[in-house]
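A.B. asks: quick check, what structure comes out for this input:
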Amino acid sequence: MARRIGIRILLGLLTIFAVLLLTFVLQYVLPGDPARSIAGPKASAEVLAQIREQLHLNDPLLSQLGHYLAGAATGDLGTSYAKDAPVLSLILDRIPATAMLAAAALVIELVLGTLWGTWEALRPKRSWLLATFHVGLLSVPAFSLGFALLLLFAYEIPLFPIDGGTGVAKIVLPAVTLGVLGAPFYANVVRDSMREALASPYVRTAVSKGLRRRRILLRHVTRNTASPVVTMLGMDVAIFFSSVVFVEKIFAWPGVGLLQTEAFANLDRPLLTGTVVVVAVIVVLGNLTADITRMFIDPRVKTEAL
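C.D. replies: Model (predicted):
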């Protein structure tokens, strides 16, 4: 187990380094001049040259990359051009809001997906109505559903506020947007895992012993279903942080996604790169946590080939 965890950590570090390197290089493809964005459209050439010198924008790309990697290794992700504040502190201030939104959406999709998948697994035939609904949800982009919910329940039927910010009432629509779209994935995993478990020899043995159906489901079937669900939870970290950018922008939710869109609009390279790197770290930690949890939930994982 220790060897497996060590390999996962090493792969995670390599992934973070690759994301950091790729993001740093790709940001130079972005159109526009960061110095012009900071100084304004009427700034003189002397002012622009001074800003570029202060920000090391005139240095060779490899020199800038080496300077950035050295700082990132110590937790220094640079200073935001637009906000004139440490990038890491700006991101850390927004993480609680994004984590709150992700947790609420995760509860919604986990509950809906588990109930949906369990109901389908215990039926002899799959419902065509649910199957159509399932395919429909999988084909809907997050921003489309978010706009629809915003128009319906904030404008047409003003049940929820639209002024942004955090709070119980303000988290409902963005959490439902993310949670409903994620429920079909859990329903698939739960349905397939439960059907496989129900057809296994140990369940047939339990039935032949006269055990109650509820006890069989809770003691034998649910435990084997938990392992792939935990794996999905780890993958969901990446899904959330890719969809949350659009959802936070639509609902003005003050999280990392909204901060990332602001950085892109302002050509704030340090802040844009910093948000991508921090999200990559969170994704790696989420998958690593899911892998370790699976090892304790499902003993079969310990014997899997690396």
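A.B. asks: could you check how far residue 248 is from residue 272?
C.D. replies: Here the criterion is CB to CB, to the nearest Å. By it, residue 248 lies 15 Å from residue 272. C-beta coordinates here come from the backbone N, C-alpha and C atoms, glycine included.
A.B. asks: oh, that last question was meant for residue 145, not what I typed.
C.D. replies: Taken as CB to CB, the span from residue 145 to residue 272 is 26 Å.
A.B. asks: of those two, who's got more company?
C.D. replies: residue 272 (25 against 19; other CB atoms under 10 Å).
A.B. asks: can you check what pLDDT the model gives that one?
C.D. replies: Model confidence at residue 272, given as pLDDT, is 86.
A.B. asks: again, but for residue 91
C.D. replies: So residue 91 comes in at 91 (pLDDT).
A.B. asks: equivalent analysis for residue 210, please.
C.D. replies: Residue 210 is assigned a predicted lDDT (pLDDT) of 67.
A.B. asks: ranges for the helices of the stretch 51-200 of the chain?
C.D. replies: Using DSSP state H, counting those that start in this stretch, the helices found in the stretch 51-200 of the chain span residues 61-73, 87-121, 128-138, 142-150, 168-198.
A.B. asks: any chance of those helices in CSV, with distance to residue 79 too?
C.D. replies: As requested, the helices of the stretch 51-200 of the chain are exported to CSV (distance: least, CB to CB, whole Å):
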stretch, distance to residue 79
helix 61-73, 10
helix 87-121, 7
helix 128-138, 41
helix 142-150, 31
helix 168-198, 30
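A.B. asks: any idea which of these gets closest to residue 278?
C.D. replies: Closest to residue 278 of the helices of the stretch 51-200 of the chain is helix 87-121 (CB to CB; 5.0 Å).
A.B. asks: flag the shaky bits of the stretch 51-200 of the chain, pLDDT-wise.
C.D. replies: Within the stretch 51-200 of the chain, the stretches falling below the threshold (pLDDT under 70) are 126-130, 134.
A.B. asks: swap the cut-off to 50 and go again
C.D. replies: Counting by pLDDT under 50, the stretch 51-200 of the chain has no low-confidence residues at all.
A.B. asks: same question, the stretch 201-306 of the chain
C.D. replies: Across the stretch 201-306 of the chain, residues meeting the criterion (pLDDT under 50) sit at 305-306.
A.B. asks: one more time with 80, if that's ok
C.D. replies: Applying pLDDT under 80 to the stretch 201-306 of the chain flags residues 201-245, 266-267, 286-306.
A.B. asks: in it, which spans are helices?
C.D. replies: Along the stretch 201-306 of the chain, the stretches classed as helices by DSSP H, counting those that start in this stretch are 201-208, 213-216, 222-251, 256-265, 269-297.
A.B. asks: with adjacent residues omitted, what lies nearest to residue 195?
C.D. replies: Distances taken as CB to CB, 6 or more residues apart in numbering put residue 121 closest to residue 195, at 5.1 Å, once the chain neighbours are dropped.
A.B. asks: please name the residues that touch the one you found.
C.D. replies: Residues in contact with residue 121 (CB atoms under 8 Å, 6 or more residues apart in numbering) are 190-191, 194-195, 198.
A.B. asks: and for residue 273?
C.D. replies: With contact taken as CB under 8 Å, 6+ apart, residue 273 is in contact with 20, 23-24, 27, 68, 77-78.
A.B. asks: pLDDT at residue 21, what is it?
C.D. replies: 84.
A.B. asks: and it, how close does it get to residue 61?
C.D. replies: Between residue 21 and residue 61 the distance is 11 Å, computed by CB to CB.
A.B. asks: neighbour count: the two, which is higher?
C.D. replies: Each of residue 21 and residue 61 had its neighbours counted (other CB under 10 Å), and the higher figure belongs to residue 21 (13 against 10).
A.B. asks: the more buried one falls within a helix, correct?
C.D. replies: Yes - counting by DSSP: H, G, I helix; E, B strand; the rest coil, residue 21 is part of a helix.
A.B. asks: who's in contact with the nearest residue to it once chain neighbours are set aside?
C.D. replies: What sits nearest to residue 21 in space, not counting adjacent residues and going by CB to CB, 6+ apart, is residue 65, at 7.5 Å. The neighbours of residue 65, taking CB under 8 Å, 6+ apart as the test, are 21, 24-25.
A.B. asks: got it, and residue 160?
C.D. replies: For residue 160, the residues meeting the contact criterion (CB under 8 Å, 6+ apart) are 153-154, 169-170, 172-173.
A.B. asks: distance of it from residue 177?
C.D. replies: Distance check for residue 160 against residue 177: by CB to CB, it reads 12 Å.
A.B. asks: same deal with residue 50?
C.D. replies: Distance of residue 50 to residue 177, given as CB to CB: 45 Å.
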